[in-house]
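Trainee: got a predicted structure here, sequence first:
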Amino acid sequence: MSELEETPRTLSPVAFFAAIAVAILIGIGGLIWSYTLNSKLSTQQQELADAKATNVKLDAQLRETDERLNVATDELKTSLGLTQKQLDTRAQELQQRETREEQASARLASEQKQTAQQVTAVSSAVTDVKTDVGGVKTDVAKTQSDLATAISQLTSMKGDLSSHSSLIARNAEELEVLKHKGDRNYYEFTLAKGQKKPVGTVSLELKKADAKKSKFTLVVYSDDKEYEKKDRNLNEPLQFYSGKDPQLFEIVVNSVSAKNTVTGYLSTPKGAPVPAATGR
């Protein structure tokens, strides 16, 4: 054998085991890399599946949104159509209103012209009336003076309940004077014996009448109460209280006849209730 030829070299046990260890490590590393890659691949596949599901939901929501948008668009078109119709109607109304106003203005001008003519005629008539008014004023002043004189001649008497003196009428003429004075309401009556009769807002019943002595007895029915006025005289104010807020009422009898009848009047405050039938 030539010296130049080399003899085959054999690996030492240490190198051999080292090579095996490196191969094992490389295998383990490959397994770990393969496992990691597989895990990432599974995760990505799950994420891809989730993304697809999300895309499906988004697609459904998009279709629903499109449908709502279509509905809203249709409603808007309808609303715009109605609005245009309303605007046209309003325009017609305004035009008709302007026409009516023009006609009204023309009528007003005509009426103002007629009124001016009437005012001229009335002014002329007023001049003629002024003279008559002066005469009327004189008559009114005289009437007021006569009324004051008549009132001063009325008799003042105290009632059977109150110490307050009040004017009474002894006959129809004096009663008319009291009515014109205007501070109380007056209701005239004629009662027959045994008769219960409504007078004003109360009722009266004549129990007894004595023409010779000019005396009488009567009962007043007011507010579910009875007031007997026994053996009273002519022209005597017979007083009682009546109403929700009690007010002083007065009865005056002016005559007693032989036929067992009496005639007189009921006097009530101006603010007292009045019977509905009177329309007052």
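Mentor: Received it, and whenever you're ready, just let me know what you need. Residues are numbered from 1 along each chain as shown.
Trainee: can we go C-alpha only for contacts and neighbour counts from here?
Mentor: Will do.
Trainee: partner strands of the helix or strand of the chain with the lowest mean pLDDT, parallel or antiparallel?
Mentor: The helix or strand of the chain with the poorest confidence is strand 155-158; it has a mean of 74 (mean pLDDT, DSSP states H and E). Using DSSP bridges, the strands paired with strand 155-158 in its sheet are strand 165-168 (antiparallel).
Trainee: what residues sit buried inside the next helix or strand after the partner strand?
Mentor: Heading C-terminal from strand 165-168, the first helix or strand you meet, by DSSP states H and E, is helix 172-181. Across helix 172-181, burial judged by 16 or more other C-alpha atoms under 10 Å covers 174, 175, 177, 178.
Trainee: repeat for stretch 186-198
Mentor: In stretch 186-198, counting by 16+ other C-alpha under 10 Å, buried: 186, 188, 189, 190, 191, 192, 193, 196, 197.
Trainee: cool, stretch 57-74 as well?
Mentor: Under 16+ other C-alpha under 10 Å, stretch 57-74 has no buried positions.
Trainee: from the chain's centre, how far out does it sit?
Mentor: 49 Å (C-alpha atoms, centre = their mean, to the nearest Å).
Trainee: before we move on, back to that, out of the buried residues of helix 172-181, which is nearest to residue 121?
Mentor: Ranked by distance to residue 121 (C-alpha to C-alpha), the buried residues of helix 172-181 are led by residue 177 at 40.7 Å.
Trainee: can you read off the pLDDT for that closest one?
Mentor: For residue 177, the pLDDT comes out at 94.
Trainee: could I get the buried residues of stretch 186-198 as a markdown table with distance to residue 246, pLDDT and secondary structure?
Mentor: As requested, the buried residues of stretch 186-198 are exported to a markdown table (distance: C-alpha to C-alpha, whole Å; pLDDT from 0 to 100; DSSP: H, G, I helix; E, B strand; the rest coil):
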| residue | distance to residue 246 | pLDDT | secondary structure |
| --- | --- | --- | --- |
| 186 | 18 | 96 | strand |
| 188 | 22 | 97 | strand |
| 189 | 23 | 97 | strand |
| 190 | 25 | 97 | strand |
| 191 | 25 | 97 | strand |
| 192 | 28 | 96 | strand |
| 193 | 29 | 95 | strand |
| 196 | 23 | 95 | strand |
| 197 | 22 | 96 | strand |
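Trainee: farthest pair within those residues?
Mentor: Greatest spacing in those, by C-alpha to C-alpha: 186 and 193 (22.1 Å).
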